[in-house]
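Peer 1: Make a model of this:
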Amino acid sequence: MGLKLKEVKPERDYHDILSSIESLLRTQKTTFNLDDLCSYTGLSKSAVYKLTQRRLIPYSKPNSKIIIFKKDDVDAYLLSNPIDTHEEVEKIATNYILRNKWDR
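Peer 2: Residues are numbered from 1 along each chain as shown. Sure thing, here's the model as predicted:
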């Protein structure tokens with residue numbers, strides 16, 4: 001009637017826990033370096049460099065080498081250009097038709 005304990009590999013469990021904690025801590029930061037930004041957004045370094053080169057995402061270069069991003073700016077960029085759902089498009093179309101009735 002003894003309890004059977006699940007066999008675990010402690011080093012793997014600790015690694016998973018540490019990775020989870022690091023991920024959570026990254027989301028709490030107010031500024032990101034390039035690696036943090038890539039981890040936070042899932043974008044590759046190449047993609048981020050292209051965004052900065054095209055000036056599509058705000059960034060700072062305090063010492064002309066390191067690139068720093070504000071979390072609020074990153075979130076604003078990620079949420080820009082929302083795509084309307086079918087329901088929203090139907091509402092917009094219905095409102096347009098009702099406002100712009102043509103005399104026949």
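Peer 1: how about the residue nearest the centre of the chain, what does it touch?
Peer 2: Centroid check for the chain by CA atoms, centre = their mean gives Thr41 as the closest residue, at 3.9 Å. Contacts for Thr41 (CB atoms under 8 Å, 6 or more residues apart in numbering) come out as 48, 74, 78. Backbone N, C-alpha and C define where each C-beta goes, glycine included.
Peer 1: Would you report the backbone torsion angles of Phe32?
Peer 2: phi -130, psi 140 (degrees, to the nearest 10).
Peer 1: got it, and Ile68?
Peer 2: Dihedral angles for Ile68 - degrees, to the nearest 10 - are phi -120, psi 140.
Peer 1: So for it, what's the nearest residue that isn't a sequence neighbour?
Peer 2: Leaving aside its chain neighbours, Ile68 sits nearest to Ser60 (4.6 Å; criterion: CB to CB, 6 or more residues apart in numbering).
Peer 1: Nothing else from me, thank you.
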